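Q: whatever this is, show me its structure:
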Amino acid sequence: GLATLFVLVGSNITVSLVREFIPSEIRIPVFVMVIATFVTIIQLLMNAYVFQLYQSLGIFIPLIVTNCAIIGRAEAYASKNPWQRAAFDGLAMGVGFALVLIVLGAMREIIGNGTLFDGAELLLGEWAAQLRIELFTVNYPLLLAILPPGAFIGMGFIIALKNKIDAVRSARAEKKTVTRARVTA
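A: The predicted structure follows:
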């Protein structure tokens, strides 16, 4: 989540600053190159300063380059707005992205291992091993939750919950509108 936040902010600012110099025919490849540059910077920094986390994340760090949300923000927002707004957009999108990843990761860890913050020392150092919370004992981890397919299933549940919340809000707003219409008539 932090890596994606950094990539979003950096690429949004860069795209916004160079947007007038890029021909429209090659803007998407240029945006991908800008994003790839920031991902490479993150990859090298993680390799240098949090090597164990870097090894744990493996292929998932370079996959940030192909993330449609990042490319989409570069195309839809950063390429059309001044760098200050693009920076704020990147920060807001990055924080939202990180929060979703934290919720998704927590769900998967709880369901799969019955723990929270297991492996926090990979990011925060040895002292963070004390943060591990065992919510319940698991004799055999639920691999489906821990492995990548579990992320897709968990994301499906998060999207379903968001759609349900949106439907309830929409129904409430519609009910208020109908009530107001009756009162004024």
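Q: which helices and strands sit right next to whichever strand or helix holds residue 89?
A: Following DSSP states H and E, the helix or strand that holds residue 89 is helix 83-113. For helix 83-113, the packing partners by 3 or more C-beta pairs under 8 Å, 6 or more residues apart in numbering; DSSP states H and E come out as helix 2-18, helix 68-76, strand 115-116, helix 143-146, helix 148-184. (Glycine included, C-beta is placed from N, CA and C.)
Q: try 10 Å
A: helix 2-18, helix 68-76, strand 115-116, strand 133-134, helix 143-146, helix 148-184 (3 or more C-beta pairs under 10 Å, 6 or more residues apart in numbering; DSSP states H and E).
Q: winner for burial among the ones you listed?
A: helix 2-18 (a mean of 22; mean count of other C-beta atoms under 10 Å).
Q: ok and the helix or strand just after that one relative to helix 2-18, angle-wise?
A: Next along the chain after helix 2-18, taking DSSP H and E as the criterion, comes helix 27-49. On the basis of axes from the mean of the first three to the mean of the last three C-alpha atoms, to 10 degrees, helix 27-49 is oriented at 140 degrees to helix 2-18.
Q: okay, buried residues for helix 27-49 please.
A: Using 16 or more other C-beta atoms under 10 Å as the test for burial, helix 27-49 gives 27, 30-32, 34-36, 38-39, 42-43, 46.
Q: quick one: the residue nearest the centre of the chain from residue 90, how far?
A: The residue lying closest to the centre of the chain (C-alpha atoms, centre = their mean) is residue 97, at 2.6 Å. As for residue 97, its distance to residue 90 is 10 Å (criterion: C-beta to C-beta, to the nearest Å).
Q: who touches both of these two?
A: Any residue near both residue 97 and residue 90 by C-beta atoms under 10 Å, 6 or more residues apart in numbering counts here, and that gives 4-5, 7-8, 70, 73.
Q: hmm, which two among those residues are most spread apart?
A: Across the shared contacts of residue 97 and residue 90, no pair lies farther apart than 5 and 73, at 11.9 Å, counting by C-beta to C-beta.
Q: how about low-confidence regions in this structure?
A: 181-185 (pLDDT under 70).
Q: in TSV: the buried residues of helix 27-49, plus distance to residue 58.
A: Shown next, in TSV, are the buried residues of helix 27-49 (distance: C-beta to C-beta, whole Å):
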residue	distance to residue 58
27	31
30	27
31	25
32	21
34	23
35	19
36	17
38	19
39	14
42	14
43	11
46	11
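Q: ok so, going back, hey, what's in contact with both of residue 5 and residue 73?
A: Joint contacts of residue 5 and residue 73 (C-beta under 10 Å, 6+ apart) are 90, 93-94, 97.
Q: so how far is residue 27 from residue 118?
A: Taken as C-beta to C-beta, the span from residue 118 to residue 27 is 42 Å.
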